[in-house]
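S.K.: Please work out how this folds:
(one chain, ligands or ions: 1)
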Amino acid sequence: MLIRTQDHGFIHPDSFEITPRAVYEQRRRFLLQGLAAGALGAAAGGAFAQSAGYAPAGKLTSLPFTRSKAAGAVTMEKITAYKDATSYNNFYEFGTDKADPARNASTLRTRPWKVEVAGLVGKPRTFDIEELLKLSAQEERVYRLRCVEGWSMVIPWIGYSLSELIKRVEPTPAAKYVEFVTLADKATMPFIGSRVLDWPYTEGLRLDEAMHPLTLLSFGMYGEVLPNQNGAPVRLVVPWKYGFKSAKSIVKIVLTDKEPGTAWNKAAKNEYGFYSNVNPEVDHPRWSQASERRIGEDGLFAKKRKTLIFNGYEAQVGQLYAGMDLKKFY
Ligand code: MTE
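M.R.: Down below sits the predicted model:
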């Protein structure tokens, strides 16, 4: 992503700090992980490890779930190693280096935690995280996550459709958009107060995008609760949009009649639009979006893989944008 420097210039950090040795080690780890998952599945009938092809990390509290049956909810692509998904992160509240969130986010306090749902709704409410966890059945969805920087991962998320929550607060007919506000706590987040972004980090969706069954309110990954660096205790995952739309550590959800501002749109309007749908045909003003590198699989010198329109979810979400000029509404 862009980083605003002290003199208001912009730099684009190298996103691919993976050395060939690291790539080799990641591949080896992946193979071992696959074997471990197979063994565990066969021995214990461990449903998720067996079917999804990953080993539960065994580090955090496990979350019960069933595999999602929603159309497009489970890609059969290789799952990114847990270690990579939890050590190569964007969570600017904890620093701008990919390794910073894993290093610094242990200070995040995820209990007590409340999420306020307000704005143009008939039944505004504040949910305690324990209540939110049980609001609907937890499902596993294996989604691709494509970052605007040109890398991607495949992650087994746990959660339920955001629509389950929105339905319960009864949006009024005037509600057209949903704003997501995330935690901005100076005491526990070392980069709050830095000038990198306007805090709190906010994001937004059109109401129909927010109500789409693939839009996931996520509480966990790899069979366990979310690690802090991945947005604990509750985040959004919108698989057909660039990763920055997937707001982490949400504290407030507001239904509005106007398109809300978003963190990256406010930082650089001409570079990050409101929609931010993954689109290989619309380049970022300073780099192409036509291809991507899969973290943990594609080495620095490997041929990049082609990026798919809507990140491969066109069959499920393409109709949301029928008739729209996607070059204008990028
Ligand atoms: N949410 C908050 N609160 N702060 C952030 O800096 N970064 C975004 C998004 N959500 C971000 C955030 C970006 S740029 C990406 S690519 C994804 O989180 C990364 O999610 P991951 O670390 O789980 O891969």
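
S.K.: What is the neighbour count of the nearest residue to L132 once chain neighbours are set aside?
M.R.: Nearest residue to L132, sequence neighbours excluded (Cβ to Cβ, 6 or more residues apart in numbering): V115, at 6.0 Å. Bear in mind the C-beta positions are built from the backbone N, C-alpha and C, glycine included. Close neighbours of V115, defined as other Cβ atoms under 10 Å, add up to 21.

S.K.: looking at it, V115 is touching V251, isn't it?
M.R.: Yes. V115 lies in contact with V251 (Cβ atoms under 8 Å); the separation is 6.1 Å.

S.K.: Name the nearest residue to the closest residue to the ligand within the stretch 151-300 of the chain, sequence neighbours excluded.
M.R.: Using Cβ to the nearest ligand atom, the closest approach of the stretch 151-300 of the chain to the ligand is made by G243 at 2.6 Å. Counting by Cβ to Cβ, 6+ apart, G243 lies nearest to C147, which is 4.1 Å off, once chain neighbours are set aside.

S.K.: So what are the sheet partners of the longest strand along the chain and their directions?
M.R.: Longest strand in the chain, counting residues (DSSP state E): strand 151-161. Take DSSP bridges as the rule and strand 151-161 pairs in its sheet with strand 139-146 (antiparallel), strand 216-221 (antiparallel), strand 291-294 (parallel).

S.K.: In contact with L165, which residues?
M.R.: V117, F127, L132, L135, S136, L217, I253 (Cβ atoms under 8 Å, 6 or more residues apart in numbering).

S.K.: Please settle this for me: is it part of a helix?
M.R.: Yes. Membership of L165 in a helix is supported by DSSP: H, G, I helix; E, B strand; the rest coil.

S.K.: Tell me the confidence at it?
M.R.: L165 carries a pLDDT value of 98.

S.K.: Show me which residues of this structure sit near the ligand.
M.R.: 1, 89-93, 145, 147, 182, 201, 230, 243-244, 246-249 (Cβ under 6 Å from any ligand atom).

S.K.: low pLDDT regions in the protein?
M.R.: Scanning the chain with the threshold set as pLDDT under 70 gives 2-52.

S.K.: Domain-wise, how is it divided?
M.R.: Following automatic domain parsing, one finds the domains of the chain at 18-51, 64-321.

S.K.: What segments of the stretch 201-330 of the chain are strands?
M.R.: Using DSSP state E, counting those that start in this stretch, the strands of the stretch 201-330 of the chain run over residues 202-206, 216-221, 224-225, 235-237, 250-256, 291-294, 305-306.

S.K.: Redo those strands as a markdown table? Include mean neighbour count.
M.R.: Compiled in a markdown table, these are given as follows (neighbours: other Cβ atoms under 10 Å):
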| stretch | mean neighbour count |
| --- | --- |
| strand 202-206 | 23 |
| strand 216-221 | 25 |
| strand 224-225 | 20 |
| strand 235-237 | 24 |
| strand 250-256 | 21 |
| strand 291-294 | 19 |
| strand 305-306 | 11 |
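
S.K.: M76: which of the ones you listed is closest?
M.R.: strand 291-294 (14.2 Å; Cβ to Cβ).

S.K.: tell me how far that closest one is from the chain's mean position?
M.R.: Distance of strand 291-294 from its chain centroid, counting by Cα atoms, centre = their mean, to the nearest Å, is 17 Å.

S.K.: what does that strand rub up against?
M.R.: Identification of contacts with strand 291-294 by Cβ under 8 Å, 6+ apart yields 16, 80, 146, 150-154, 280, 302, 304-307.

S.K.: How about stretch 318-330?
M.R.: 206, 208-209, 212, 273-277, 279, 281-282, 309-310.
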